[in-house]
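> dropping a prediction and its sequence here:
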Amino acid sequence: MNYKVICEASDNKYYSVRPSDIRAGQPGSLLSTFGKSEIELAAERLILFFQSYGCWVSFTLEELQLFYERNGWKFKEPLFGLLGEWFDYAMPFPCKREVSEDFVVCDDKGNYCITDLFIKRCLSAQDPTAFLEMLNKVEGVISEHLGLDKPSRPN
């Protein structure tokens, strides 16, 4: 086991990084952090779940499903790529990460917790403002070439 399981409670917040320290819910938040957009979406929504609690709580799939429903999201593979095997449609076989890369773990009672590897990987996300600036430049060049007004993006 090359990771540390992080399961806090609202009255026992011991891990130095807080859920609010991770940028989530904004365009490009976890862009290229996990290498696959489906995994990044699952990770981002999981971060938003923890942000709603203000700590790294243990959770059940039922609790996560309620959070998804409150936000109007489909509850399809909410832990995709973060736990165990996952299927990459570009490959003819399931992909399984190394044991040392487990981001979410489940105990024998069906309670899920994240690991310090998940938190560190999310913290490694690049600042999305560079991505948004690149998009604005590309849109500006295209709009200028086509003689259109440049669309404005919120910052």
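That came in fine, so what should we check first? Values in this document were obtained by computation on a predicted structure and should not be read as measured data.
> give the rounded mean pLDDT of the host helix or strand of Q51.
Per DSSP states H and E, Q51 falls inside helix 37-53. If you average the pLDDT over helix 37-53, you get 92.
> tell me the first helix or strand C-terminal of the helix or strand of the chain with the lowest mean pLDDT.
Least confident helix or strand, the chain: strand 94-96 with a mean of 54, by mean pLDDT, DSSP states H and E. Taking DSSP H and E as the definition, the helix or strand that follows strand 94-96 towards the C-terminus is strand 104-106.
> now that next one: buried residues?
By neighbour count with 16 or more other CB atoms under 10 Å, strand 104-106 contains the buried residues 104-105. For every residue, glycine as well, the C-beta is placed using N, CA and C.
> sorry, back to before: how about the helix holding Q51: buried residues?
Within helix 37-53, the residues that count as buried by 16+ other CB under 10 Å are 39-51.
> what sits up against the very next helix or strand once past that helix?
Per DSSP H and E, helix 37-53 leads on to helix 61-70 as the next helix or strand towards the C-terminus. By CB atoms under 8 Å, 6 or more residues apart in numbering, the residues outside helix 61-70 that reach it are 45-46, 48-49, 52, 74-75, 78, 110, 112.
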